[in-house]
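Trainee: need the 3D shape of this:
(one chain, ligands or ions: 1)
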Amino acid sequence: MQTEDLRISLRVRRFLLSEISDHQRIDVFDSYEMGRVLALDSRIQLTERDEFLYHEMLVHPAMLTHPDPRRVLVVGGGDGGAVREVLKHPTVERVVQVELDAAVVEAARRFLPGLSSGYSDPRHELVIGDGVRYVEETGERFDVVVVDSTDPIGEASPLFSDRFYSGVARVLLEGGIVEAQGETPFLYPDVTGSLCATVKRVLGRVKVILGFVPSYQSGMWAFVLGSRDADLEVPPAELRRRYEERGLEGRTRFYTPEVHVGLSNLPPFIRELLDRHGV
Ligand code: SAM
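Mentor: Numbering: from 1, shown residues only. The predicted structure follows:
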């Protein structure tokens with residue numbers, strides 16, 4: 001998320017795609033410093049160089065907090081990075097992805113093969129539509145829900161609402177866990193704080209893990225886990241056992257069970273902002 005007074009800039013090597021879809025402006029370009037970049041409405045969604053820092057932390061904390069995640073829902077995430085990480089878990093039998101904009105998926109298929117590799121996996125099913133409506137209407141149920149949304153502006157803002165999380169509560173199986181990208185607690189503490197308050201109010205349990213994404217504003221990012229009934233604090237030895245049992249050792253470059261535990265220890269200014277929001 002950008003502010004009026006702070007932006008990061010990248011020197012562009014060449015543009016590969018610039019189009020206006022039914023939902024947003026889509027740009028894909030090669031940059032000098034950060035590799036290939038996807039931007040939506042002129043906001044960076046990912047760069048090839050640092051996307052692993054985001055997608056691994058968006059997916060593996062929830063997937064490893066769950067003892068046996070078989071059915072997974074990804075909301076948003078049209079670039080495919082979240083689906084790619086989910087499919088690293090051999091427990092997974094089915095991943096449904098609900099993405100508003102088919103043009104983002106198409107752009108990722110054409111220009112971001114390293115992210116969209118999971119789209120050809122038979123366990124993956126793509127639904128083009130609105131995530132809020134999907135969780136209100138579907139008859140399917142899930143062990144893990146991953147919310148990979150754009151910033152809370154326009155069509156993505158309902159994905160930060162009580163109404164959406166009531167739908168998430170509806171589709172989670174017993175012991176189910178949701179994990180959402182929680183924006184920058186450094187630049188927009190109240191966005192992170194109110195998302196955590198929403199998750200706590202609707203689901204009952206919430207936990208924040210920090211991460212670092214250099215191409216996102218401020219670089220500091222929050223990942224927000226929630227559940228109605230699952231224990232979100234798994235003992236470190238059990239996290240490591242699951243990580244090794246699922247063959248993830250050597251397949252993640254930022255996430256490890258030890259990083260998961262370390263980045264769950266929140267610094268005082270984050271604790272204070274959560275306290276302010278009653279979390
Ligand atoms: N990692 C990115 C970030 O935080 O900057 C987000 C990546 S992903 C490209 C976000 C996706 O959410 C977009 O493709 C957008 O079309 C999708 N999206 C936005 N609102 C949505 C909604 N209500 N339902 C489903 N998908 C939505």
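
Trainee: number of residues surrounding the closest residue in space to Thr150 that isn't next to it in sequence?
Mentor: If the residues on either side of it in the chain are set aside, Thr150 comes closest to Ala156, at 4.2 Å by CB to CB, 6 or more residues apart in numbering. No exception for glycine: its C-beta is placed from N, CA and C like everyone else's. Using other CB atoms under 10 Å, Ala156 has 19 other residues around it.

Trainee: what about Ala156, which SS state?
Mentor: Each residue gets one of three states, and Ala156 gets helix by DSSP: H, G, I helix; E, B strand; the rest coil.

Trainee: quick check: it touching Ser149?
Mentor: Yes - A contact is recorded between Ala156 and Ser149 when judged using CB atoms under 8 Å, the distance being 4.6 Å.

Trainee: list the residues that contact both of these two?
Mentor: Common neighbours of Ala156 and Ser149 (criterion: CB atoms under 8 Å, 6 or more residues apart in numbering): Gly76.

Trainee: about what we covered before: so who does the residue nearest to Thr150 touch?
Mentor: Contact partners of Ala156, counting by CB under 8 Å, 6+ apart, are 76, 149-150.

Trainee: in CSV, list these along with neighbour count, pLDDT and secondary structure.
Mentor: Output for the contacts of Ala156, formatted as CSV (neighbours: other CB atoms under 10 Å; pLDDT from 0 to 100; DSSP: H, G, I helix; E, B strand; the rest coil):
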residue, neighbour count, pLDDT, secondary structure
Gly76, 23, 98, strand
Ser149, 20, 96, coil
Thr150, 23, 92, coil
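
Trainee: give the other helices and strands that the lowest-mean-pLDDT helix or strand in the chain contacts.
Mentor: Taking mean pLDDT, DSSP states H and E as the measure, the helices and strands of the chain show their lowest mean at strand 43-47, namely a mean of 94. Judged by 3 or more CB pairs under 8 Å, 6 or more residues apart in numbering; DSSP states H and E, the packing partners of strand 43-47 are strand 36-40.

Trainee: pop the domain breakdown of the chain in here.
Mentor: For the chain, automatic domain parsing gives the domain ranges 12-47, 51-276.

Trainee: looking at those domains, which one is packed in the most?
Mentor: The highest mean neighbour count among these, using mean count of other CB atoms under 10 Å, belongs to domain 51-276: a mean of 20.

Trainee: and that one, how far apart are its ends?
Mentor: Domain 51-276 has an end-to-end distance of 31 Å (criterion: CA to CA, to the nearest Å).

Trainee: for stretch 246-256, same thing?
Mentor: Stretch 246-256 has an end-to-end distance of 13 Å (criterion: CA to CA).

Trainee: re the thing from before, near the ligand, which of the contacts of Ala156 show up?
Mentor: 76, 149-150 (CB under 6 Å from any ligand atom).

Trainee: ok, so of those, who is nearest the ligand?
Mentor: Distance to the ligand, by CB to the nearest ligand atom, is smallest for Gly76 among the ones next to the ligand among the contacts of Ala156, at 2.9 Å.

Trainee: what residues are up against the closest one?
Mentor: Listed by CB under 8 Å, 6+ apart, the contact set of Gly76 reads 82, 98-100, 131, 147-150, 156, 159.

Trainee: pipe these into a markdown table and attach distance to Ser9 and secondary structure per row.
Mentor: Compiled in a markdown table, the contacts of Gly76 are given as follows (distance: CB to CB, whole Å; DSSP: H, G, I helix; E, B strand; the rest coil):
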| residue | distance to Ser9 | secondary structure |
| --- | --- | --- |
| Ala82 | 26 | helix |
| Val98 | 33 | strand |
| Glu99 | 28 | strand |
| Leu100 | 28 | coil |
| Gly131 | 31 | helix |
| Val147 | 28 | strand |
| Asp148 | 24 | strand |
| Ser149 | 24 | coil |
| Thr150 | 20 | coil |
| Ala156 | 23 | helix |
| Leu159 | 28 | helix |
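
Trainee: in CSV, list those along with distance to Arg11.
Mentor: Putting the contacts of Gly76 into CSV (distance: CB to CB, whole Å) gives the following:
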residue, distance to Arg11
Ala82, 28
Val98, 35
Glu99, 30
Leu100, 30
Gly131, 34
Val147, 32
Asp148, 27
Ser149, 28
Thr150, 24
Ala156, 28
Leu159, 32
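
Trainee: who in the stretch 51-200 of the chain is up against the ligand?
Mentor: Within the stretch 51-200 of the chain, the residues that sit near the ligand (CB under 6 Å from any ligand atom) are 54, 75-79, 98-101, 104, 130-132, 148-150, 155-156, 158-159, 181.
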